[in-house]
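**Q** A predicted structure for the sequence below; I have some questions about it.
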Amino acid sequence: MSMVPAPRPGSVTFVIVLTWFVAVMTALGGVLFLLASDEVLADAGVASGDATIYGWVELILGVVIAIVAMGLSSGANWSRMLVSILMVIRLFAAVWAAVALSGTVGFWPIVTAALVAAAILAMLWTGRASEFFNTN
């Protein structure tokens, strides 16, 4: 007797959309660094060699994030675990940064990033989300 796959909950679909958005924006950022002129890079205070390295890293990272989004879409538990680990790391980094940036303009964006990471974790670990990932 085979297990019938559970339908994908809306919360997981929302996380998938966010993941695809991050994948596309990351890859696009990498392409922009690779295509930027030396003049633009100099105005931004970025060395040409650094921009090339950063551009390739961002492009590759965007592809990896897209693979994770595909895994989430298909209900792959490894994808949920990977995103969860990254969000926990993001939370720890945000707490550290919030303490370091307390009283500065950077404080509220860090708090927002922490709240988004916590929301993603919550959406990936609801009962319906667990049923979806455990039956696909």
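**A** Perfect, thanks for sending it.
**Q** dump the residue contacts of residue 71.
**A** 78-79, 82 (C-beta atoms under 8 Å, 6 or more residues apart in numbering). Just so you know, the C-beta spots here come from the backbone N, C-alpha and C atoms, and that holds for glycine as well.
**Q** go ahead and build a PyMOL selection from the buried members of the residues you listed.
**A** Only the buried entries of the contacts of residue 71 go into this PyMOL selection, using 16 or more other C-beta atoms under 10 Å:
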select buried, resi 79+82
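**Q** tabulate the contacts of residue 71 (TSV), appending secondary structure and distance to residue 72.
**A** Shown next, in TSV, are the contacts of residue 71 (DSSP: H, G, I helix; E, B strand; the rest coil; distance: C-beta to C-beta, whole Å):
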residue	secondary structure	distance to residue 72
78	helix	10
79	helix	5
82	helix	9
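**Q** tell me the one among the contacts of residue 71 nearest to residue 24.
**A** residue 79 (17.1 Å; C-beta to C-beta).
**Q** just the pLDDT at that closest one, thanks.
**A** Here, the pLDDT recorded for residue 79 equals 96.
**Q** wait, isn't it in contact with residue 66?
**A** No. In terms of C-beta atoms under 8 Å, residue 79 does not count as a neighbour of residue 66; the distance is 11.3 Å.
**Q** tell me the secondary structure for residue 5?
**A** Secondary structure for residue 5, judged by DSSP: H, G, I helix; E, B strand; the rest coil, is coil.
**Q** the protein: helices as residue ranges?
**A** For the chain, applying DSSP state H gives helices covering 10-35, 38-44, 48-74, 77-100, 107-124, 127-135.
**Q** isn't residue 121 up against residue 88?
**A** Yes. Between residue 121 and residue 88 there is a contact at 7.3 Å, judged by C-beta under 8 Å.
**Q** who has more neighbours, those two?
**A** Taking neighbours as other C-beta atoms under 10 Å, residue 121 and residue 88 compare with residue 121 leading, 17 against 13.
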